[in-house]
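Undergrad: how would this look folded up:
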Amino acid sequence: MVIHSATLAIDETIRARRAAGERLLHLAFGEAGLPVPDELAGRLAAAAGRNGYGPVVGSAEAREAAAGWFTRRGLDTGARQIVFAPGSKPLLYALIAALPGDVVLPRPAWVSYAAQSALAGKRVIGVDIPADGAGGVPDPERLAAALRESRPGVLVLTVPDNPTGTVADPERLGAVCALAERHGLAVIADEIYAELVHDGTRPPSAAALHPERTVVTSGLSKSLALGGWRIGFARLPAGPWGEALRSELTGVASEVWSSLAAPMQAVAAHVLTDPPGVTAHIAAAGRLHATVARAVHSEFTAAGALCRAPAAGFYLYPDFAPLRDALAARGVADGAALATALLERHGVGVLPGEAFGDAPDALRVRVATSLLYGETDEERWRALRASDPLALPWVADALARLRAALAALTTGPVSAPTGESAPRTR
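TA: Sure thing, here's the model as predicted:
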(Lines give C-alpha, C1' and ligand atoms only; values in the text may rest on other atoms or scores of the structure.)
Protein backbone atom coordinates (compact mmCIF):
# COMPACT_ATOMS: atom_id res chain seq x y z
CA MET A 1 0.00 0.00 0.00
CA VAL A 2 1.25 3.49 -0.86
CA ILE A 3 1.10 5.74 2.21
CA HIS A 4 0.31 9.45 2.09
CA SER A 5 3.59 11.41 1.99
CA ALA A 6 4.54 12.30 5.56
CA THR A 7 5.31 15.92 4.68
CA LEU A 8 2.10 16.51 2.73
CA ALA A 9 -0.01 14.65 5.30
CA ILE A 10 1.23 16.71 8.26
CA ASP A 11 0.80 19.94 6.28
CA GLU A 12 -2.81 19.12 5.45
CA THR A 13 -3.50 18.09 9.05
CA ILE A 14 -2.04 21.23 10.58
CA ARG A 15 -3.70 23.55 8.06
CA ALA A 16 -7.09 21.93 8.72
CA ARG A 17 -6.67 22.23 12.47
CA ARG A 18 -5.59 25.86 12.20
CA ALA A 19 -8.56 26.59 9.98
CA ALA A 20 -10.74 25.11 12.73
CA GLY A 21 -9.33 27.62 15.21
CA GLU A 22 -6.38 25.84 16.83
CA ARG A 23 -3.29 27.96 17.47
CA LEU A 24 -0.49 25.78 16.15
CA LEU A 25 3.09 26.63 15.20
CA HIS A 26 3.73 25.03 11.80
CA LEU A 27 7.33 23.79 11.61
CA ALA A 28 6.54 20.58 9.73
CA PHE A 29 6.40 21.47 6.04
CA GLY A 30 9.10 22.66 3.66
CA GLU A 31 7.17 25.29 1.79
CA ALA A 32 9.35 28.31 1.09
CA GLY A 33 6.71 30.61 2.58
CA LEU A 34 7.06 33.73 0.40
CA PRO A 35 4.75 35.56 -2.05
CA VAL A 36 5.00 35.62 -5.84
CA PRO A 37 6.95 38.56 -7.31
CA ASP A 38 4.90 40.78 -9.63
CA GLU A 39 7.44 40.15 -12.38
CA LEU A 40 6.61 36.43 -12.39
CA ALA A 41 2.88 36.89 -11.96
CA GLY A 42 2.95 39.12 -15.05
CA ARG A 43 4.84 36.51 -17.06
CA LEU A 44 2.32 33.85 -16.10
CA ALA A 45 -0.64 36.06 -16.99
CA ALA A 46 0.89 36.94 -20.36
CA ALA A 47 1.30 33.24 -21.15
CA ALA A 48 -2.21 32.21 -20.08
CA GLY A 49 -3.27 31.71 -23.68
CA ARG A 50 -0.62 29.06 -24.30
CA ASN A 51 -2.90 26.07 -23.97
CA GLY A 52 -1.20 23.58 -26.26
CA TYR A 53 0.76 20.57 -25.05
CA GLY A 54 4.13 21.27 -26.63
CA PRO A 55 7.21 19.00 -26.61
CA VAL A 56 7.45 16.40 -23.84
CA VAL A 57 10.93 17.54 -22.75
CA GLY A 58 9.98 21.23 -22.77
CA SER A 59 9.97 24.09 -25.23
CA ALA A 60 13.17 25.05 -27.04
CA GLU A 61 13.01 28.45 -25.32
CA ALA A 62 12.78 26.98 -21.83
CA ARG A 63 15.49 24.38 -22.46
CA GLU A 64 17.87 26.97 -23.90
CA ALA A 65 17.32 29.12 -20.82
CA ALA A 66 17.95 26.18 -18.50
CA ALA A 67 21.07 25.21 -20.41
CA GLY A 68 22.41 28.73 -19.99
CA TRP A 69 21.47 28.70 -16.31
CA PHE A 70 23.55 25.56 -15.69
CA THR A 71 26.41 26.82 -17.86
CA ARG A 72 26.68 30.04 -15.85
CA ARG A 73 26.94 27.85 -12.74
CA GLY A 74 29.93 25.95 -14.04
CA LEU A 75 28.31 23.05 -15.92
CA ASP A 76 28.58 23.42 -19.68
CA THR A 77 25.16 22.34 -20.90
CA GLY A 78 23.28 22.10 -24.18
CA ALA A 79 19.53 22.41 -24.57
CA ARG A 80 19.26 18.73 -25.53
CA GLN A 81 20.44 17.80 -22.01
CA ILE A 82 17.41 19.45 -20.36
CA VAL A 83 14.06 17.88 -19.48
CA PHE A 84 11.23 19.83 -17.84
CA ALA A 85 8.44 18.38 -15.71
CA PRO A 86 5.60 19.48 -13.40
CA GLY A 87 7.95 19.68 -10.41
CA SER A 88 11.24 17.92 -9.73
CA LYS A 89 9.41 15.20 -7.79
CA PRO A 90 8.08 13.32 -10.86
CA LEU A 91 11.50 13.67 -12.46
CA LEU A 92 13.10 12.04 -9.42
CA TYR A 93 10.63 9.17 -9.57
CA ALA A 94 11.06 8.73 -13.31
CA LEU A 95 14.85 8.63 -12.91
CA ILE A 96 14.70 6.11 -10.06
CA ALA A 97 12.35 3.97 -12.14
CA ALA A 98 14.34 4.25 -15.37
CA LEU A 99 17.83 3.68 -14.00
CA PRO A 100 18.69 0.01 -13.33
CA GLY A 101 19.53 -1.34 -9.90
CA ASP A 102 18.72 -0.72 -6.27
CA VAL A 103 19.06 2.68 -4.64
CA VAL A 104 21.59 3.95 -2.09
CA LEU A 105 20.35 6.77 0.12
CA PRO A 106 22.13 8.86 2.72
CA ARG A 107 20.42 8.39 6.07
CA PRO A 108 18.44 10.45 7.00
CA ALA A 109 17.08 11.52 3.60
CA TRP A 110 14.05 13.38 2.24
CA VAL A 111 10.94 11.27 2.71
CA SER A 112 10.05 10.70 -0.95
CA TYR A 113 13.26 9.04 -2.16
CA ALA A 114 12.60 5.80 -0.26
CA ALA A 115 8.88 5.86 -1.05
CA GLN A 116 9.56 6.39 -4.76
CA SER A 117 12.14 3.60 -4.75
CA ALA A 118 9.55 1.26 -3.25
CA LEU A 119 7.01 2.30 -5.89
CA ALA A 120 9.60 1.45 -8.55
CA GLY A 121 10.27 -1.95 -6.98
CA LYS A 122 13.78 -0.98 -5.86
CA ARG A 123 15.47 -2.01 -2.63
CA VAL A 124 16.82 0.88 -0.55
CA ILE A 125 20.27 0.69 1.02
CA GLY A 126 20.61 3.35 3.70
CA VAL A 127 24.08 4.65 4.54
CA ASP A 128 24.45 6.97 7.51
CA ILE A 129 25.81 10.47 7.24
CA PRO A 130 28.75 11.21 9.59
CA ALA A 131 27.75 12.15 13.11
CA ASP A 132 29.77 15.33 12.81
CA GLY A 133 29.12 15.97 9.13
CA ALA A 134 26.60 17.55 6.85
CA GLY A 135 23.59 15.68 5.53
CA GLY A 136 22.71 14.67 2.00
CA VAL A 137 25.95 12.77 1.34
CA PRO A 138 26.70 9.42 3.04
CA ASP A 139 29.86 8.72 5.00
CA PRO A 140 32.46 7.57 2.42
CA GLU A 141 33.82 4.72 4.56
CA ARG A 142 30.36 3.38 5.31
CA LEU A 143 29.40 3.76 1.66
CA ALA A 144 32.47 1.78 0.63
CA ALA A 145 31.52 -0.98 3.08
CA ALA A 146 27.94 -1.06 1.76
CA LEU A 147 29.18 -1.33 -1.83
CA ARG A 148 31.34 -4.31 -0.89
CA GLU A 149 28.23 -6.10 0.37
CA SER A 150 25.76 -5.20 -2.38
CA ARG A 151 25.64 -4.07 -5.99
CA PRO A 152 23.16 -1.21 -6.26
CA GLY A 153 22.81 0.89 -9.39
CA VAL A 154 21.80 4.35 -8.19
CA LEU A 155 23.09 6.76 -5.56
CA VAL A 156 20.93 9.74 -4.54
CA LEU A 157 22.65 12.82 -3.13
CA THR A 158 21.07 16.02 -1.80
CA VAL A 159 23.28 19.11 -1.72
CA PRO A 160 22.26 21.24 0.13
CA ASP A 161 20.36 18.83 2.30
CA ASN A 162 16.82 18.27 3.41
CA PRO A 163 16.28 17.31 6.29
CA THR A 164 19.38 18.74 8.01
CA GLY A 165 19.73 22.14 6.32
CA THR A 166 23.46 21.58 5.87
CA VAL A 167 25.90 21.52 2.94
CA ALA A 168 28.39 18.69 2.49
CA ASP A 169 31.98 19.84 2.06
CA PRO A 170 33.60 19.41 -1.38
CA GLU A 171 36.09 16.82 -0.12
CA ARG A 172 33.41 14.47 1.18
CA LEU A 173 31.28 14.97 -1.91
CA GLY A 174 34.32 14.27 -4.09
CA ALA A 175 35.15 11.08 -2.19
CA VAL A 176 31.60 9.81 -2.57
CA CYS A 177 31.50 10.67 -6.29
CA ALA A 178 34.80 8.83 -6.77
CA LEU A 179 33.27 5.75 -5.14
CA ALA A 180 30.24 6.05 -7.41
CA GLU A 181 32.47 6.18 -10.47
CA ARG A 182 34.57 3.24 -9.30
CA HIS A 183 31.49 1.09 -8.73
CA GLY A 184 29.60 2.16 -11.86
CA LEU A 185 26.79 3.91 -9.97
CA ALA A 186 24.50 6.42 -11.60
CA VAL A 187 24.12 9.50 -9.40
CA ILE A 188 20.93 11.51 -9.00
CA ALA A 189 21.96 14.85 -7.51
CA ASP A 190 19.00 16.74 -6.05
CA GLU A 191 20.32 20.30 -6.00
CA ILE A 192 17.05 22.19 -5.60
CA TYR A 193 18.34 24.17 -2.59
CA ALA A 194 21.63 25.21 -4.21
CA GLU A 195 20.47 28.81 -4.74
CA LEU A 196 19.76 29.20 -1.01
CA VAL A 197 23.15 28.68 0.63
CA HIS A 198 23.27 31.11 3.53
CA ASP A 199 26.71 32.55 2.83
CA GLY A 200 25.77 33.27 -0.79
CA THR A 201 28.11 30.70 -2.31
CA ARG A 202 27.04 27.74 -4.42
CA PRO A 203 28.31 24.26 -3.55
CA PRO A 204 30.04 22.22 -6.26
CA SER A 205 27.69 20.10 -8.30
CA ALA A 206 28.06 16.34 -8.23
CA ALA A 207 27.88 16.53 -12.02
CA ALA A 208 31.22 18.34 -12.05
CA LEU A 209 32.80 15.53 -10.03
CA HIS A 210 31.14 12.52 -11.70
CA PRO A 211 30.20 14.01 -15.06
CA GLU A 212 29.40 11.02 -17.26
CA ARG A 213 26.68 9.41 -15.11
CA THR A 214 25.21 12.17 -12.93
CA VAL A 215 21.76 13.69 -13.40
CA VAL A 216 21.05 16.99 -11.64
CA THR A 217 17.48 17.86 -10.66
CA SER A 218 16.25 21.28 -9.64
CA GLY A 219 13.20 23.51 -9.77
CA LEU A 220 11.67 26.80 -8.73
CA SER A 221 9.69 25.68 -5.69
CA LYS A 222 12.38 26.54 -3.13
CA SER A 223 14.43 29.45 -4.48
CA LEU A 224 11.33 31.37 -5.62
CA ALA A 225 8.64 29.76 -3.42
CA LEU A 226 6.74 28.55 -6.49
CA GLY A 227 5.88 25.11 -5.13
CA GLY A 228 2.29 25.34 -6.27
CA TRP A 229 3.37 26.19 -9.82
CA ARG A 230 5.20 22.83 -10.12
CA ILE A 231 8.19 23.79 -12.28
CA GLY A 232 11.00 21.24 -12.24
CA PHE A 233 13.87 20.44 -14.58
CA ALA A 234 16.75 18.02 -14.93
CA ARG A 235 20.17 18.20 -16.55
CA LEU A 236 21.30 14.94 -18.16
CA PRO A 237 24.94 14.19 -18.98
CA ALA A 238 26.23 14.68 -22.49
CA GLY A 239 27.34 11.56 -24.34
CA PRO A 240 25.88 8.10 -25.09
CA TRP A 241 24.79 7.29 -21.54
CA GLY A 242 22.94 10.58 -21.20
CA GLU A 243 21.33 10.15 -24.63
CA ALA A 244 20.05 6.69 -23.73
CA LEU A 245 18.67 8.01 -20.45
CA ARG A 246 17.03 10.92 -22.27
CA SER A 247 15.15 8.43 -24.43
CA GLU A 248 14.02 6.46 -21.37
CA LEU A 249 13.01 9.59 -19.46
CA THR A 250 11.11 11.00 -22.43
CA GLY A 251 9.23 7.74 -22.71
CA VAL A 252 8.20 7.80 -19.06
CA ALA A 253 7.27 11.48 -19.24
CA SER A 254 5.19 10.99 -22.37
CA GLU A 255 3.06 8.37 -20.63
CA VAL A 256 2.80 10.03 -17.21
CA TRP A 257 2.75 13.83 -17.42
CA SER A 258 2.93 14.63 -21.17
CA SER A 259 4.66 18.00 -20.62
CA LEU A 260 5.05 20.85 -18.17
CA ALA A 261 2.16 23.29 -18.55
CA ALA A 262 3.06 25.77 -21.29
CA PRO A 263 2.48 28.92 -19.18
CA MET A 264 4.87 27.53 -16.57
CA GLN A 265 7.45 26.92 -19.27
CA ALA A 266 7.18 30.60 -20.17
CA VAL A 267 7.86 31.51 -16.53
CA ALA A 268 10.84 29.15 -16.43
CA ALA A 269 12.23 30.54 -19.67
CA HIS A 270 12.26 33.99 -18.06
CA VAL A 271 13.51 33.03 -14.60
CA LEU A 272 16.36 30.89 -15.88
CA THR A 273 17.95 33.78 -17.76
CA ASP A 274 18.74 35.25 -14.31
CA PRO A 275 17.07 38.66 -14.75
CA PRO A 276 18.17 41.18 -12.07
CA GLY A 277 14.79 41.34 -10.34
CA VAL A 278 14.68 37.56 -9.95
CA THR A 279 18.25 37.22 -8.66
CA ALA A 280 17.67 40.06 -6.18
CA HIS A 281 14.50 38.36 -4.92
CA ILE A 282 16.31 35.05 -4.45
CA ALA A 283 19.14 36.77 -2.58
CA ALA A 284 16.67 38.48 -0.24
CA ALA A 285 14.88 35.17 0.33
CA GLY A 286 18.18 33.50 1.18
CA ARG A 287 18.97 36.18 3.77
CA LEU A 288 15.54 35.80 5.38
CA HIS A 289 15.79 32.00 5.47
CA ALA A 290 19.24 32.24 7.06
CA THR A 291 18.18 34.75 9.71
CA VAL A 292 15.10 32.87 10.86
CA ALA A 293 16.73 29.42 10.67
CA ARG A 294 19.60 30.62 12.86
CA ALA A 295 17.16 32.05 15.39
CA VAL A 296 15.17 28.81 15.57
CA HIS A 297 18.41 26.84 15.83
CA SER A 298 19.33 28.94 18.88
CA GLU A 299 16.01 28.08 20.54
CA PHE A 300 16.60 24.34 20.16
CA THR A 301 20.20 24.42 21.36
CA ALA A 302 19.27 26.66 24.29
CA ALA A 303 16.69 24.04 25.29
CA GLY A 304 19.45 21.39 25.41
CA ALA A 305 19.08 19.70 22.02
CA LEU A 306 22.02 18.95 19.77
CA CYS A 307 21.64 20.48 16.32
CA ARG A 308 23.87 21.10 13.32
CA ALA A 309 24.00 24.79 12.44
CA PRO A 310 21.90 25.62 9.37
CA ALA A 311 23.91 26.43 6.26
CA ALA A 312 21.28 26.48 3.50
CA GLY A 313 17.55 26.47 2.95
CA PHE A 314 15.21 26.44 5.92
CA TYR A 315 15.60 23.14 7.78
CA LEU A 316 16.99 21.95 11.11
CA TYR A 317 17.41 18.45 12.49
CA PRO A 318 17.61 18.70 16.29
CA ASP A 319 18.54 15.68 18.39
CA PHE A 320 17.02 15.51 21.88
CA ALA A 321 19.27 12.67 23.03
CA PRO A 322 20.78 14.76 25.88
CA LEU A 323 17.23 15.20 27.22
CA ARG A 324 16.24 11.54 26.95
CA ASP A 325 15.75 11.01 30.70
CA ALA A 326 13.63 14.14 31.11
CA LEU A 327 11.52 13.19 28.10
CA ALA A 328 11.15 9.57 29.22
CA ALA A 329 9.71 10.82 32.50
CA ARG A 330 7.04 12.52 30.41
CA GLY A 331 6.22 9.45 28.33
CA VAL A 332 8.39 10.36 25.34
CA ALA A 333 10.75 7.57 24.33
CA ASP A 334 11.20 7.91 20.56
CA GLY A 335 10.99 10.35 17.68
CA ALA A 336 7.34 9.63 16.86
CA ALA A 337 6.29 10.23 20.47
CA LEU A 338 8.40 13.39 20.55
CA ALA A 339 6.69 14.79 17.46
CA THR A 340 3.29 13.88 18.88
CA ALA A 341 4.05 15.47 22.25
CA LEU A 342 5.20 18.68 20.60
CA LEU A 343 2.03 18.88 18.51
CA GLU A 344 -0.64 17.58 20.88
CA ARG A 345 0.67 18.96 24.18
CA HIS A 346 2.53 22.07 23.08
CA GLY A 347 1.07 23.13 19.72
CA VAL A 348 4.25 22.76 17.63
CA GLY A 349 4.19 20.69 14.46
CA VAL A 350 7.38 18.87 13.40
CA LEU A 351 8.13 15.55 11.70
CA PRO A 352 9.86 12.61 13.40
CA GLY A 353 13.23 11.53 12.08
CA GLU A 354 11.79 8.11 11.36
CA ALA A 355 9.95 9.65 8.39
CA PHE A 356 13.38 10.37 6.90
CA GLY A 357 14.73 6.85 7.42
CA ASP A 358 16.22 7.52 10.84
CA ALA A 359 16.19 4.98 13.67
CA PRO A 360 12.71 4.90 15.25
CA ASP A 361 14.10 5.15 18.78
CA ALA A 362 16.19 8.23 17.97
CA LEU A 363 14.89 11.45 19.52
CA ARG A 364 15.36 13.45 16.33
CA VAL A 365 12.86 15.57 14.41
CA ARG A 366 12.91 17.61 11.21
CA VAL A 367 12.04 21.28 11.66
CA ALA A 368 11.11 23.64 8.81
CA THR A 369 11.37 27.35 9.61
CA SER A 370 9.93 28.83 6.40
CA LEU A 371 6.30 29.20 7.45
CA LEU A 372 7.14 31.69 10.22
CA TYR A 373 7.30 34.72 7.92
CA GLY A 374 3.66 35.69 8.22
CA GLU A 375 0.08 34.65 7.61
CA THR A 376 -0.63 37.12 4.79
CA ASP A 377 1.24 38.25 1.70
CA GLU A 378 1.62 41.70 3.27
CA GLU A 379 3.35 40.21 6.31
CA ARG A 380 5.56 38.00 4.14
CA TRP A 381 6.64 40.92 1.97
CA ARG A 382 7.48 42.88 5.12
CA ALA A 383 9.53 39.96 6.40
CA LEU A 384 11.37 39.68 3.09
CA ARG A 385 12.23 43.39 3.06
CA ALA A 386 12.92 43.86 6.78
CA SER A 387 16.42 44.71 7.93
CA ASP A 388 15.63 42.76 11.11
CA PRO A 389 12.82 40.27 10.46
CA LEU A 390 13.17 38.86 14.00
CA ALA A 391 11.82 42.15 15.35
CA LEU A 392 8.55 41.81 13.45
CA PRO A 393 5.79 41.05 15.98
CA TRP A 394 4.59 37.83 14.34
CA VAL A 395 8.09 36.42 13.96
CA ALA A 396 9.03 37.37 17.52
CA ASP A 397 5.79 35.82 18.78
CA ALA A 398 6.51 32.56 16.95
CA LEU A 399 9.98 32.35 18.50
CA ALA A 400 8.55 33.06 21.94
CA ARG A 401 5.91 30.35 21.51
CA LEU A 402 8.58 27.87 20.42
CA ARG A 403 10.76 28.81 23.42
CA ALA A 404 7.86 28.26 25.80
CA ALA A 405 6.93 24.95 24.18
CA LEU A 406 10.47 23.59 24.42
CA ALA A 407 10.72 24.63 28.05
CA ALA A 408 7.39 22.99 28.86
CA LEU A 409 8.39 19.84 26.97
CA THR A 410 11.39 19.19 29.19
CA THR A 411 10.65 20.94 32.48
CA GLY A 412 6.87 20.84 32.73
CA PRO A 413 4.89 18.52 35.00
CA VAL A 414 5.83 14.86 34.81
CA SER A 415 2.96 12.71 33.58
CA ALA A 416 2.51 9.03 32.97
CA PRO A 417 2.84 7.86 29.38
CA THR A 418 -0.36 8.53 27.49
CA GLY A 419 0.08 5.87 24.84
CA GLU A 420 -0.14 8.47 22.09
CA SER A 421 2.16 8.02 19.14
CA ALA A 422 2.48 9.60 15.75
CA PRO A 423 1.38 7.51 12.78
CA ARG A 424 4.22 5.59 11.17
CA THR A 425 5.25 6.92 7.78
CA ARG A 426 7.02 3.81 6.54
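
Undergrad: Count the neighbours of the nearest residue to residue 218 once chain neighbours are set aside for me.
TA: Nearest in space to residue 218, with sequence neighbours left out and distances taken as CB to CB, 6 or more residues apart in numbering, is residue 192 at 5.0 Å. C-betas here are computed from N, CA, C, even on glycine. Look at residue 192: counted by other CB atoms under 10 Å, it has 26 neighbours.

Undergrad: I'd say residue 192 and residue 222 touch.
TA: Yes - assessed by CB atoms under 8 Å, residue 192 is found in contact with residue 222 at 5.3 Å.

Undergrad: next one: the longest helix along the chain to chain centre, how far?
TA: Counting residues, the longest helix found in the chain (DSSP state H) is helix 276-302. Distance of helix 276-302 from its chain centroid, counting by CA atoms, centre = their mean, to the nearest Å, is 15 Å.

Undergrad: Could you list the buried residues of that helix?
TA: For helix 276-302, the buried set under the neighbour-count rule, 16 or more other CB atoms under 10 Å, comprises 278, 281-282, 285-293, 295-297, 299-300.

Undergrad: Contacts only, for residue 89.
TA: In this structure, residue 89 makes contact with 112, 232, judged by CB atoms under 8 Å, 6 or more residues apart in numbering.

Undergrad: Quick check: phi and psi on it?
TA: Per-residue torsions, residue 89: phi -60, psi -50 (degrees, to the nearest 10).

Undergrad: Please apply the same query to residue 348.
TA: Taking degrees, to the nearest 10 as the convention, residue 348 sits at phi -120, psi 120.

Undergrad: Distance check, the residue nearest the centre of the chain against residue 18.
TA: The chain has residue 162 as the residue nearest its centroid, 4.2 Å off, counting by CA atoms, centre = their mean. Look at residue 162 and residue 18: by CB to CB, to the nearest Å, they are 23 Å apart.

Undergrad: again, but for residue 108
TA: 27 Å.

Undergrad: Neighbour count: these two, which is higher?
TA: Between residue 108 and residue 18, counting by other CB under 10 Å, residue 108 is the more crowded of the two (26 against 15).

Undergrad: For the more buried one, list the residues it contacts.
TA: 129, 135, 163-164, 317, 353, 356-358, 364, 366.

Undergrad: Also residue 120?
TA: Residues in contact with residue 120 (CB under 8 Å, 6+ apart) are 93, 96-97.

Undergrad: which other residues reach stretch 46-65?
TA: Outside stretch 46-65, the residues that touch it by CB under 8 Å, 6+ apart are 66, 79-80, 82-84, 233, 246, 250, 253-254, 258-260, 262-263, 265-273.

Undergrad: let me redo that: stretch 387-398
TA: Contacts of stretch 387-398 (CB under 8 Å, 6+ apart): 25, 288, 291-292, 295, 372-375, 379, 382-383, 386, 399.

Undergrad: Now distance to residue 310 and secondary structure too, for those residues, in JSON lines please.
TA: Formatted as JSON lines, the contacts of stretch 387-398 follow (distance: CB to CB, whole Å; DSSP: H, G, I helix; E, B strand; the rest coil):
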{"residue": "25", "distance to residue 310": "18", "secondary structure": "strand"}
{"residue": "288", "distance to residue 310": "13", "secondary structure": "helix"}
{"residue": "291", "distance to residue 310": "10", "secondary structure": "helix"}
{"residue": "292", "distance to residue 310": "9", "secondary structure": "helix"}
{"residue": "295", "distance to residue 310": "10", "secondary structure": "helix"}
{"residue": "372", "distance to residue 310": "13", "secondary structure": "coil"}
{"residue": "373", "distance to residue 310": "15", "secondary structure": "coil"}
{"residue": "374", "distance to residue 310": "20", "secondary structure": "coil"}
{"residue": "375", "distance to residue 310": "23", "secondary structure": "coil"}
{"residue": "379", "distance to residue 310": "22", "secondary structure": "helix"}
{"residue": "382", "distance to residue 310": "22", "secondary structure": "helix"}
{"residue": "383", "distance to residue 310": "17", "secondary structure": "helix"}
{"residue": "386", "distance to residue 310": "19", "secondary structure": "coil"}
{"residue": "399", "distance to residue 310": "15", "secondary structure": "helix"}
